[in-house]
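>>> structure for the following, please:
(2 chains)
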Amino acid sequence: DSGVTQTPKHLITATGQRVTLRCSPRSGDLSVYWYQQSLDQGLQFLIQYYNGEERAKGNILERFSAQQFPDLHSELNLSSLELGDSALYFCASSAPIAGGTDTQYFGPGTRLTVL
Amino acid sequence: QKEVEQDPGPLSVPEGAIVSLNCTYSNSAFQYFMWYRQYSRKGPELLMYTYSSGNKEDGRFTAQVDKSSKYISLFIRDSQPSDSATYLCAMASGGYNKLIFGAGTRLAVHP
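Modelled structure (predicted):
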């Protein structure tokens, strides 16, 4: 158990709908990352937050947005869902290590199925 | 061309074998190299972390980084059926930076 929690575990919805995925980082971790894992694209970075502020963006669609709240939990909002959005969505939080860098620990993921 | 290349396998070995998993990369800015293990439908689990070139050993696992060749490896000694999983290499150019993942290699260790 990495200490990162994600809810829900599974989500089944229809095209055009909107869903919210939730992530609670490990205790004390300030940085949260969101990744998408699909069969054809592998694990792709979406967005990063650090202590409530957006820090980096990857290949995140405009239909997707995220935020990190004062208690450091994060939510990923996916709207106008398409069939191709079906994937595993992972949240990771990072802990600082010596040398000024960090290591990322992943949650169990949310499996999204768009029908 | 992808920034990180990893043979997806599958790789099938008998129990007790030495397993070698590899990744190549093109971005010379990468300084931090990680190996994650992912069981089916689970979150990736951090196995090894290395900075710059060299070797790092942890139990049955050894990670090697050769920055001059842009090549990293993970060796698993005395492989066990419980090692059957997908192994993902990941890299970052700096601290608190996004990870760039390889495609993952599926490993099956047979009793």
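>>> next one: residue A:66 from chain B, what distance?
Using C-beta to the nearest C-beta, to the nearest Å, residue A:66 is found at 14 Å from chain B. Bear in mind the C-beta positions are built from the backbone N, C-alpha and C, glycine included.
>>> residues of the helix or strand that residue falls within that come out buried?
Assigned by DSSP states H and E, residue A:66 falls within strand A:64-68. Residues of strand A:64-68 classed as buried: A:64, A:66, A:68 (neighbour count, 16 or more other C-beta atoms under 10 Å in any protein chain shown).
>>> what sits closest to the last one if chain neighbours are left out?
On the basis of C-beta to C-beta, 6 or more residues apart in numbering or on different chains, the spatially nearest residue to residue A:68 that is not a chain neighbour turns out to be residue A:49, at 3.7 Å.
>>> how far away is that neighbour from residue B:38?
Distance, residue A:49 to residue B:38, by C-beta to C-beta, to the nearest Å: 23 Å.
>>> again, but for residue A:113
19 Å.
>>> Throw the buried residues of strand A:64-68 into JSON lines and include pLDDT, thanks.
Putting those into JSON lines (pLDDT from 0 to 100) gives the following:
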{"residue": "A:64", "pLDDT": "97"}
{"residue": "A:66", "pLDDT": "97"}
{"residue": "A:68", "pLDDT": "97"}
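>>> residues in contact with the strand or helix carrying residue A:36?
Under the criterion of DSSP H and E, residue A:36 resides in strand A:31-38. Under the contact criterion C-beta atoms under 8 Å, 6 or more residues apart in numbering or on different chains, strand A:31-38 has outside partners A:23, A:25, A:43-51, A:55, A:60, A:66, A:68, A:72, A:74, A:76, A:86-94, A:102, A:104, A:106, A:109, B:96, B:98-99.
>>> just checking: what are the partner strands of the helix or strand just after that strand?
Per DSSP H and E, the first helix or strand lying C-terminal to strand A:31-38 is strand A:42-50. Using DSSP bridges, the strands paired with strand A:42-50 in its sheet are strand A:31-38 (antiparallel), strand A:53-57 (antiparallel).
>>> any idea what the closest residue to residue A:50 other than its chain neighbours is bridged to?
Among residues not flanking residue A:50 along the chain, residue A:31 sits closest, at 4.7 Å (C-beta to C-beta, 6+ apart). Under DSSP bridges, the beta-bridge partners of residue A:31 are residue A:50, residue A:94.
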